[in-house]
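[1] how would this look folded up:
(one chain, ligands or ions: 1)
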Amino acid sequence: MYVCLCHGVTDRDIRAAAESGISSMRQLGKELGVGRQCGRCATYAREILREVNATD
Ligand code: FES
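    Next up is the predicted model:
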């Protein structure tokens, strides 16, 4: 499912990024552009990051 429509980023993309060591929205924005345009994806993207980091 698309989380960030502005940059065409899916929940799987975010999960994969989190699994490869990205742990903050700042890093995620740099890597995938998530949250850098309209910002509507930020809340959900942050939730996914938190979820993946919690299960590490
Ligand atoms: Fe992610 Fe707009 S939906 S920046």
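
[2] in stretch 18-28, what's buried?
    Neighbour counts over stretch 18-28 (16 or more other CB atoms under 10 Å) mark Ala18, Ile22, Met25, Leu28 as buried. In short, each C-beta sits where N, CA and C put it, glycine included.

[3] can I get those residues in CSV with pLDDT and secondary structure?
    Formatted as CSV, the buried residues of stretch 18-28 follow (pLDDT from 0 to 100; DSSP: H, G, I helix; E, B strand; the rest coil):
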residue, pLDDT, secondary structure
Ala18, 97, helix
Ile22, 96, coil
Met25, 97, helix
Leu28, 97, helix
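
[4] which residues of the chain fall in strands?
    2-4, 9-10 (DSSP state E).

[5] I'd like to know how many residues surround Tyr44.
    Tyr44 has 15 neighbours, counted by other CB atoms under 10 Å.

[6] The closest residue in space to it that isn't next to it in sequence and Val34: what is the separation?
    With sequence-adjacent residues excluded and distances taken as CB to CB, 6 or more residues apart in numbering, Tyr44 is closest to Val3, at 5.4 Å. Distance, Val3 to Val34, using CB to CB, to the nearest Å: 7 Å.

[7] More neighbours: which of those two?
    Using other CB under 10 Å as the criterion, Val3 and Val34 rank with Val34 on top: 28 against 24.

[8] Surely the more buried one touches Val9?
    Yes - judged on CB atoms under 8 Å, Val34 makes contact with Val9 at a distance of 5.3 Å.

[9] Up against the ligand, what does the protein have?
    Residues of the chain lying close to the ligand by CB under 6 Å from any ligand atom are Cys4, Leu5, Cys6, His7, Val34, Gly35, Arg36, Gln37, Cys38, Gly39, Arg40, Cys41.

[10] Who wins on neighbours among the residues you listed?
    Val34 (28 neighbours).

[11] And Val3, how far from Glu51?
    12 Å.

[12] rewinding a little: is it possible to get the residues of the chain next to the ligand out as a markdown table so that each row also shows pLDDT?
    Formatted as a markdown table, the residues of the chain next to the ligand follow (pLDDT from 0 to 100):
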| residue | pLDDT |
| --- | --- |
| Cys4 | 98 |
| Leu5 | 98 |
| Cys6 | 98 |
| His7 | 98 |
| Val34 | 98 |
| Gly35 | 97 |
| Arg36 | 97 |
| Gln37 | 98 |
| Cys38 | 98 |
| Gly39 | 97 |
| Arg40 | 98 |
| Cys41 | 98 |
